[in-house]
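Undergrad: I would like to see how this sequence folds:
(chains A and B)
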Amino acid sequence: MLELATDRRPDGDPAVRLHTLGTILLLHSCIETWFWVLELETAVGGVVLLGAIFTVLLILGLVPRFRRIALGLTAGALAVQLIWTFPHIANHTFLRLFALALLVLADPGSLRERRLVHAALGWTAAIVLFYTGFQKMLYGTYFRGQYLAYMVSLTERFSSVFEGLIPVGELNRLTAIGPPVPGAGPYSVDGMAFLLLANMVYMVEMGLAAGLLWPRTRRPAIWMTLALIVFIQLGARELFFGMLFCNLVLVLHPRDVGRRLLPVSVGIYVIALGLKAIGWGGLVT
Amino acid sequence: MSFESKRRAVMVFLVCLAVWPLAHRFLVTRFEISPWRLGGWAMYCTPKLRVEVGIVPESNGKPIAKKLPEELQTEASDFVQRRAVLGRFADPRSLALNALDKVDADSVVITIQHNRLDPRTDTIVGRREYFRYRRIEHGLLVERFDVRELP
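TA: A predicted model of the protein is given here:
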């Protein structure tokens, strides 16, 4: 059962994919922390120190013999950060910690340990993706498009993404609702295309989670998941969750696509930090 | 650590990862923790609405008009943020104690209001709870004396 999420061939070696994910996790930890430093109105010593530690560990992790130590220490520093900032922790930070801990677990010289960790990462991606959809069903706020209607009413970037799917009269009504105080609403839309899309969101998320696990559907499921994340990020603009989850999903691709896309990922992180440094970082979170 | 031990550890981790979101859903309903935090993977399921907290000092059981010290306002603002994530696990007791220390009052009423998007009515609804804290000889007496469903 566990092996379902790794390569079908018993000799399939995910070493390059795990290595790529490790690089992303080290870089991500460094960039996100410097983002945090730049967001603070006054420098907080602990955050700057954390940024410096993650930067040193990134450099250390580029040296093959220190790789595992760097990943372990990054996981340790991240655990300290979680304790320090509890309970204000974004969910993707947990995901990063889990992925780091799993990578540290694998003995680099053992194929079956690499396959074990690869399978665990695949299951982690599938479970998280499944629950992002399943929770939407449990909360019941997508059946009539209520949550998306709420976001359209409140934020311009969501209304610009969905304006083509909502009748003009409905769009005007939603944007005129005002602040979300008790009694505000109703957050529902009388538009078939919008309702279809809202209901497709959770169905696609749950369906893709199953697709990632099933070897025959894995490749299309990976590309569709990436497309879904990009689509969601048009509205949400959460760079760090998006980048992390895309790279976690790419680990499942049997052809080391993540490695080939590594320069793109690195470029996005570096450009995002550059934009943040010159004051344009509000475009993403 | 042997391969079998690592395999077992991975299995335990994955089972926890698969079960926790269901427990998380229960905690959101029962204890008003944030759907957006604490690893329940329920982001974008429901709006991230602000928790509202009020502090009303009382003298002889009647509200008294008093400007709250800045330090207390800062503490209340920190409490709001903790309560928004931890729900009922963030107890207002220490806030009440500090309010009694810093404001010359017999008792203090703390109101806590959680708002949410109700999927049945498609509107925002709220629930405001009223707690009264009064010093007694060996501690603090607390009573929840009112709950109002809003609007």
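Undergrad: From the chain's centroid, how far away is the lengthiest strand in chain B?
TA: In chain B, taking DSSP state E as the definition, the longest strand is strand B:123-136. The chain centre lies 10 Å from the centre of strand B:123-136; the measure is Cα atoms, centre = their mean, to the nearest Å.
Undergrad: Check which helices and strands it sits against.
TA: If contacts are counted by 3 or more Cβ pairs under 8 Å, 6 or more residues apart in numbering or on different chains; DSSP states H and E, strand B:123-136 sits against helix B:93-102, strand B:107-118, strand B:139-150. To be clear about C-beta, it is placed using only N, CA and C from the backbone, and glycine gets the same treatment.
Undergrad: Please convert those to JSON lines, extending it with distance to chain A and mean pLDDT.
TA: Output for the helices and strands packed on strand B:123-136, formatted as JSON lines (distance: least, Cβ to the nearest Cβ, whole Å; pLDDT from 0 to 100):
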{"stretch": "helix B:93-102", "distance to chain A": "16", "mean pLDDT": "90"}
{"stretch": "strand B:107-118", "distance to chain A": "6", "mean pLDDT": "95"}
{"stretch": "strand B:139-150", "distance to chain A": "4", "mean pLDDT": "86"}
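Undergrad: So which of these is the most surrounded?
TA: Per residue and on average, the most neighbours among the helices and strands packed on strand B:123-136 fall to strand B:107-118, with a mean of 20 (mean count of other Cβ atoms under 10 Å in any protein chain shown).
Undergrad: That one relative to strand B:139-150, how many degrees between them?
TA: 30 degrees (axes from the mean of the first three to the mean of the last three Cα atoms, to 10 degrees).
Undergrad: which strands and helices sit next to strand B:107-118?
TA: Taking 3+ Cβ pairs under 8 Å, 6+ apart as contact, the helices and strands that strand B:107-118 lies on are helix A:146-154, strand B:52-59, helix B:93-102, strand B:123-136.
Undergrad: how about 6 Å then?
TA: In terms of contacts (3 or more Cβ pairs under 6 Å, 6 or more residues apart in numbering or on different chains; DSSP states H and E), strand B:107-118 is packed against strand B:52-59, helix B:93-102, strand B:123-136.
Undergrad: tilt between the longest strand of chain B and strand B:52-59?
TA: Orientation note: strand B:123-136 sits at an angle of 30 degrees relative to strand B:52-59 (the same axes, to 10 degrees).
Undergrad: Just say helix, strand or coil for the nearest residue to A:F98 once chain neighbours are set aside.
TA: Nearest residue to A:F98 in three dimensions, chain neighbours excluded: A:T124, at 6.0 Å (Cβ to Cβ, 6 or more residues apart in numbering or on different chains). In three-state terms, and counting by DSSP: H, G, I helix; E, B strand; the rest coil, A:T124 is helix.
Undergrad: Spell out which residues sit in contact with the residue nearest to A:P180 when sequence neighbours are not counted, please.
TA: In this structure, A:P180 finds its nearest non-sequential neighbour in B:I124, 4.9 Å apart by Cβ to Cβ, 6+ apart. The contact partners of B:I124, by Cβ atoms under 6 Å, 6 or more residues apart in numbering or on different chains, come to A:180, A:182, A:184, B:115, B:117.
Undergrad: and if we set it to 8 Å?
TA: Applying Cβ atoms under 8 Å, 6 or more residues apart in numbering or on different chains to B:I124 gives the contacts A:180-185, B:47, B:49, B:115-118.
Undergrad: domain assignment for chain B?
TA: B:1-46, B:49-151 (automatic domain parsing).
Undergrad: Would you single out the least confident of the ones you listed?
TA: For the domains of chain B, the weakest mean pLDDT is recorded on domain B:49-151, namely a mean of 92.
Undergrad: just so I know, which of the helices and strands packed on strand B:123-136 lies nearest A:F94?
TA: With distances scored as Cβ to Cβ, the stretch of those nearest to A:F94 is strand B:107-118 (23.4 Å).
Undergrad: Adjacent strands (with direction) for that closest one?
TA: Taking DSSP bridges as the criterion, strand B:107-118 forms sheet pairs with strand B:52-59 (antiparallel), strand B:123-136 (antiparallel).
Undergrad: These: which one's closest to A:R8?
TA: Per Cβ to Cβ, nearest to A:R8 of the strands paired with strand B:107-118: strand B:123-136, 49.1 Å.
Undergrad: Next, the angle from that closest one to helix B:93-102.
TA: Between strand B:123-136 and helix B:93-102, the angle comes out at 50 degrees (the same axes, to 10 degrees).
Undergrad: CA atoms only for strand B:123-136, dumped as CSV, please.
TA: Taking Å, rounded to 0.1, in the frame of the first residue of the first chain, the C-alpha atoms of strand B:123-136 are listed here in CSV:
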residue,chain,number,x,y,z
THR,B,123,-24.8,35.1,5.5
ILE,B,124,-22.4,36.1,8.2
VAL,B,125,-23.6,35.0,11.7
GLY,B,126,-22.0,35.7,15.0
ARG,B,127,-22.0,34.4,18.6
ARG,B,128,-21.2,36.8,21.4
GLU,B,129,-20.4,35.4,24.9
TYR,B,130,-20.3,37.4,28.1
PHE,B,131,-18.0,36.5,30.9
ARG,B,132,-17.9,38.3,34.3
TYR,B,133,-14.8,38.0,36.4
ARG,B,134,-14.8,39.0,40.0
ARG,B,135,-12.0,38.7,42.6
ILE,B,136,-12.7,36.5,45.6
